[in-house]
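# my questions are about this predicted structure, shown below with the sequence.
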Amino acid sequence: MPRGKGKTPARVHLTIRLGADTLDYFKRQPKHTRLIRQVLENYVSNQEQSEDVDTVVSAIDTPTN
């Protein structure tokens, strides 16, 4: 639920375990927690778009009588 008019929805705190090499990569970046969040959000967005495309393609591929 957005926190105010035009604001982004509230975020949920999450603790995750990452490999040391993965964490080292992100820690070399400025604002590494923001970057981790962006990577995850972009991944989910791409998956949702992919699912939408899969739904359309399967509807086209499904023969109708």
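Yep, it's here. Numbering: from 1, shown residues only.
# if I pick Thr22, what's in contact with it?
Applying C-beta atoms under 8 Å, 6 or more residues apart in numbering to Thr22 gives no contacts. (C-beta placed from N, C-alpha, C; glycine too.)
# and the gap between it and Arg34?
Distance, Thr22 to Arg34, by C-beta to C-beta, to the nearest Å: 16 Å.
# where do the helices sit along the chain?
20-27, 32-61 (DSSP state H).
# any chance of the ones you listed in TSV, plus mean pLDDT and distance to Pro9?
As requested, those are exported to TSV (pLDDT from 0 to 100; distance: least, C-beta to C-beta, whole Å):
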stretch	mean pLDDT	distance to Pro9
helix 20-27	95	23
helix 32-61	80	11
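# for the ones you listed, which one sits closest to Gly6?
helix 32-61 (18.2 Å; C-beta to C-beta).
# now the closest one: buried residues?
By 16 or more other C-beta atoms under 10 Å, the buried positions in helix 32-61 come out as Ile36.
# ok and it relative to helix 20-27, angle-wise?
For helix 32-61 against helix 20-27, the angle by axes from the mean of the first three to the mean of the last three C-alpha atoms, to 10 degrees is 110 degrees.
# other SSEs contacting helix 32-61?
helix 20-27 (3 or more C-beta pairs under 8 Å, 6 or more residues apart in numbering; DSSP states H and E).
# picking up where we left off before, among the helices of the chain, which is nearest His13?
Between His13 and the helices of the chain, the tightest spacing by C-beta to C-beta is seen for helix 32-61, at 11.1 Å.
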